[in-house]
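[1] how would this look folded up:
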Amino acid sequence: MSYTNTESEWGTVAKTLHWLIGILIVIQLVMGWLFTLRAFEGPFQVQLVLNVHIPLGVTVLGLAALRLLWRFGNDHPQLPKSMSWWEMFLASGSHTYLYMAMIVMPLSGWIATNAFGSPVTWFAGIALPTLAAVEAKETGRPLTSMAAQIHFWIAAGLSAVVIAHVVGALRHHFSLKDIVLARMAPKGWVKAPGA
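    Next up is the predicted model:
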């Protein structure tokens, strides 16, 4: 297997980034929804967000930037020619949304955190640049509110797109019996239909 992509197969780097980012996004969405639904109360919830959710979000942002650079610098396998125009449209749209969400969602969370008055740190307390000035409580914190709303609505859309992405991959494998899932799975994990 090659580290780089070919016209027929994803390379090791693309696969690794895909699965690593995918796992982190699912973890982030679960934590985010638990936070939103107030599954945890008090200091534990705040510490979970500050110590885990924010650094993981920054990690997703960094990995997504690498993924985009890798994607634009390499070939990438084409979708099966058997797909209809609407399936290609949905696949293209969902991939575009996923890439946009991987960038905008962490940035909106970062801005909301800074504007609220908290620093954004990575793991081990590594301080990261401030993207927004602290808003006074008396102003109603409009930037904080707007960035938090963007963060929330992108999360809602991302949750739906991730579910659709997984369902689509499973449909390709079990119903359409093509190689879409097999060529993105780690080598040996999923056999191509008919192989």
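[2] how far off centre is stretch 31-40?
    Averaging C-alpha positions (Cα atoms, centre = their mean, to the nearest Å) puts stretch 31-40 18 Å from its chain's average.
[3] give me the distance between the two termini of that stretch.
    One end of stretch 31-40 sits 10 Å from the other (Cα to Cα, to the nearest Å).
[4] after the helix or strand of the chain with the lowest mean pLDDT, next one along is what?
    Lowest on mean pLDDT, DSSP states H and E among the helices and strands of the chain sits helix 42-48, with a mean of 79. Using DSSP states H and E, the helix or strand that follows helix 42-48 in sequence is helix 54-72.
[5] buried residues, that following helix. List them.
    Buried residues in helix 54-72, counted by 16 or more other Cβ atoms under 10 Å: 54-61, 63-64, 67, 70-71. Placement of C-beta: from N, CA and C, glycine included.
[6] tell me the one of the residues you listed nearest V134?
    Nearest to V134 among the buried residues of helix 54-72, counting by Cβ to Cβ, is I54 at 16.3 Å.
[7] so in the protein, which helix runs the longest?
    helix 85-116 (DSSP state H).
[8] which neighbouring elements make contact with it?
    The contact analysis (3 or more Cβ pairs under 8 Å, 6 or more residues apart in numbering; DSSP states H and E) places helix 85-116 against helix 54-72, helix 142-170.
[9] need the ones you listed in a markdown table with distance to T130, can you?
    Converted to a markdown table, the helices and strands packed on helix 85-116 look like this (distance: least, Cβ to Cβ, whole Å):
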| stretch | distance to T130 |
| --- | --- |
| helix 54-72 | 13 |
| helix 142-170 | 13 |
